[in-house]
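Visitor: Below are the sequence and a predicted model; questions follow.
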Amino acid sequence: QVQLVESGGGVAQPGNSLRLSCSASGFTFRNHGMHWVRQAPGKGLEWVAVIWFDGSRDYYVDSVKGRFAISRDNSRNTLYLQMNSLRAEDTAMYYCARFTGGDFEGYFDYWGQGILVTV
Amino acid sequence: QSVLTQPPSVSGAPGQRVTISCTGSYSNLGAGYDVQWYQHLPEKAPKLLIYGSYNRPSGVPDRFSGSKSGTSASLSITWLQAEDEADYYCQSYDSSLSGWVFGGGTKLAVL
């Protein structure tokens, strides 16, 4: 079955960095775009970043542009989120999610359990 | 403020029907992009309920249904059960923002 398992979260000081990982199994990882979605305490879901199935394109929400970088290693079935210059407002549960569909139209059909980042 | 607008809360008694609305604009729902709905229980991963505005993934009960018209969409839940108590989010793509967007979420209380 499809599994997504996040790791790498924790406590960081403002201005510091963290790198999240998402290990995927149970499906052909290289065939799917992958996203990061976060939920700040007491808030709703917020889309953070996407990377195309082959790593050729990536997009970010404005609030993280220039600070976060999404990447993937299709040989290791792993998705990453490098988070630099962390701010208090980046405190959230971070979920990796599999995307199924076209380039932009589609849906998040599988999600990880989430990993907490506290700044 | 979220790009997609949902009511903060809705409630209903067991066995009743509730509807959750999701209002967007010309650059997302109004541009023809589909809406998805997710159920989020505390300490759990969000779960896909409706995709492509109307479709249910296998395993989702037919008590859940979705619709879309113009810049608005809705999720209906019939025969409410205690286990339906959760947060519900609509989601789409926004061409002006060049990104995926969620509604603010609606907390469903089963009285």
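Guide: Sure thing, it's come through. Residues are numbered from 1 along each chain as shown, chains lettered A, B, ... in the order given.
Visitor: check contacts around the residue nearest to residue B:25 when sequence neighbours are not counted.
Guide: Closest residue to residue B:25 apart from its sequence neighbours, by C-beta to C-beta, 6 or more residues apart in numbering or on different chains: residue B:71 at 5.8 Å. C-betas here are computed from N, CA, C, even on glycine. Counting by C-beta atoms under 8 Å, 6 or more residues apart in numbering or on different chains, residue B:71 touches B:23-26, B:28-30.
Visitor: May I ask you to name the longest strand in chain A?
Guide: With secondary structure taken from DSSP state E, chain A has its longest strand at strand A:92-101.
Visitor: Report all helices and strands that that strand contacts.
Guide: Applying 3 or more C-beta pairs under 8 Å, 6 or more residues apart in numbering or on different chains; DSSP states H and E, one finds that strand A:92-101 makes contact with strand A:3-7, strand A:18-25, strand A:34-39, strand A:45-51, strand A:78-83, strand A:106-111, strand A:115-118.
Visitor: closest to residue B:6 out of those strands?
Guide: Shortest distance between residue B:6 and the helices and strands packed on strand A:92-101, using C-beta to C-beta, is found for strand A:45-51: 11.3 Å.
Visitor: touching chain B at all, the closest one?
Guide: Yes. On the criterion C-beta under 8 Å from any C-beta of the partner chain, strand A:45-51 is in touch with chain B at A:45-47, A:50.
Visitor: Name the member of those residues with the most neighbours.
Guide: Neighbour count (other C-beta atoms under 10 Å in any protein chain shown) singles out residue A:45 as the most crowded of the residues of strand A:45-51 next to chain B, with 27 neighbours.
Visitor: Tell me which residues of stretch A:42-57 come out buried.
Guide: Neighbour counts over stretch A:42-57 (16 or more other C-beta atoms under 10 Å in any protein chain shown) mark A:44-53 as buried.
Visitor: pLDDT averaged over that stretch, what's the number?
Guide: Summarised as a single mean, pLDDT over stretch A:42-57 is 96.
Visitor: Can you give me the end-to-end span of it?
Guide: Stretch A:42-57 stretches 31 Å from its first residue to its last (C-alpha to C-alpha, to the nearest Å).
Visitor: List the buried residues of stretch B:91-98.
Guide: Buried, per 16+ other C-beta under 10 Å, within stretch B:91-98: B:91-94.
Visitor: Which parts of chain B are helices?
Guide: Shown for chain B, no helices are assigned by DSSP state H.
Visitor: what's the single longest strand in it?
Guide: As assigned by DSSP E, the longest strand anywhere in chain B is strand B:86-94.
Visitor: Show me what it is packed against.
Guide: strand A:45-51, strand B:18-23, strand B:36-40, strand B:72-77, strand B:99-102, strand B:106-110.
Visitor: Thank you, goodbye.
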